[in-house]
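**Q** can you look at this prediction? I've put the sequence above it.
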Amino acid sequence: MRPTRTATPRRYLMCPPVYFDVVYSINAWMEPGKPTDTALALAQWERLRSLYQGLGHQVELIDPIPGLPDMVFAANGATVVNGRVLAARFRHPERAAEAPAYAEWFRRRGYPVHDAEHVNEGEGDYLVTGERILAGSGFRTDPRAHAEAERVFGLPVVSLTLVDPRFYHLDTALAVLDHEEIMYYPAAFSPESQATLRELYPDAIVATDADAEVFGLNAVSDGRHVLLPEQAVHLIDALWDRGFVPIGVELSELMKSGGSAKCCTLEIRETQ
Ligand code: ARG
């Protein structure tokens, strides 16, 4: 029998892709020679934002900054759990200035912000489940940052190692669907991490190569609705089977920079 899923209202921070472009290459998807269409990127992003609003979620905005073409990927801007903010610290100098901009957004609104000691790319590599934080490393976030997150948030952190350069952030290879339910692409992880995931989540939805390659794991769930790239057709079927309501989105322009729905979305988790 299909479980009945319940959505809980969320608060998201997003950044309009006003200055979106691909002018450097810091992941396997980015080809600076290829043309980008900023107006189309904006229209696709607007659609994502209005879908969230239509589902009853609150969307906050941060002002985009010229010269920071990847700032649209708000998930990388910080991690917010229980009203506490762990600032990001980017691996590549091209994105370094995004971290203080996001930290400042939270400080101005009265959130306590912890400045990061180690490189961490926010929710790109920290995914919060009901009772733990799944933390990626291998390409961006420094494994030493995982212990830092554990200290800042007081939640157990499970370290996972990414091994495929196409899936360089944890949120490109794994999505949290509900408290302790996930979907993921095993081949993106080291054998040890695959064993950890199998043990923790024996009932997880396992993505096919085709679904992972269209960024199907870069999904945002409110516990019932799951927004993900519409090309991820097998995942969409699997989600329906589990009682979720998948909603396909088209973010082809942002894919040119190696990002999709989840990358554009930073969840602000208030005090419990
Ligand atoms: N071009 C960006 C980068 O390589 C894309 C970031 C995608 N964000 C994400 N949360 N996976 O850093």
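**A** Yep, it's here.
**Q** need the residues of the stretch 1-150 of the chain near the ligand, please.
**A** 26, 27, 30, 70, 73, 75, 76, 95, 124 (CB under 6 Å from any ligand atom). Bear in mind the C-beta positions are built from the backbone N, C-alpha and C, glycine included.
**Q** which among these end up buried?
**A** 26, 27, 30, 70, 73, 75, 76, 95, 124 (16 or more other CB atoms under 10 Å).
**Q** is the nearest residue to residue 87 once chain neighbours are set aside in a helix, a strand, or coil?
**A** Spatial nearest neighbour of residue 87, chain neighbours left out: residue 103 (4.2 Å); criterion: CB to CB, 6 or more residues apart in numbering. Under the three-state scheme (DSSP: H, G, I helix; E, B strand; the rest coil), residue 103 adopts helix.
**Q** I figured residue 103 hits residue 86, correct?
**A** No. If you go by CB atoms under 8 Å, residue 103 and residue 86 don't touch, sitting 9.6 Å apart.
**Q** need the residues touching each of the two.
**A** 78, 113 (CB atoms under 8 Å, 6 or more residues apart in numbering).
**Q** which stretches of the stretch 1-150 of the chain have low pLDDT?
**A** Applying pLDDT under 70 to the stretch 1-150 of the chain picks out residues 1.
**Q** residue of it closest to the ligand, please.
**A** Closest contact between the stretch 1-150 of the chain and the ligand, by CB to the nearest ligand atom, is at residue 124 (3.3 Å).
**Q** chain neighbours aside, what residue packs nearest to that residue?
**A** Nearest non-adjacent residue to residue 124, counting by CB to CB, 6+ apart: residue 169, 3.7 Å away.
**Q** the one you found: neighbour count?
**A** 29 (other CB atoms under 10 Å).
**Q** can you check residue 260 too?
**A** Residue 260: 31 neighbours (other CB under 10 Å).
**Q** cool, residue 162 as well?
**A** Neighbours of residue 162 under the rule other CB under 10 Å: 24.
**Q** enumerate every residue touching the nearest residue to it once chain neighbours are set aside.
**A** Spatially, and ignoring its direct neighbours in sequence, residue 162 is nearest to residue 138 (3.7 Å; CB to CB, 6+ apart). Residue 138 makes contact with 161, 162, 163, 168, 190 under the criterion CB under 8 Å, 6+ apart.
**Q** for residue 146, give me its contacts.
**A** Here residue 146 is in contact with 135, 137, 157, 159 (criterion: CB under 8 Å, 6+ apart).
**Q** what bridges to the first one?
**A** Judged by DSSP bridges, the bridge partners of residue 135 are residue 126, residue 159.
**Q** I'd guessed it sits against residue 161; true?
**A** No. Residue 135 lies out of contact with residue 161 (CB under 8 Å); the separation is 10.0 Å.
**Q** SS state for the residue lying closest to residue 168 once chain neighbours are set aside?
**A** The shortest distance from residue 168 to any non-neighbouring residue, by CB to CB, 6+ apart, is to residue 139 (3.9 Å). Three-state call for residue 139 (three-state DSSP): coil.
**Q** I appreciate the help and will end here.
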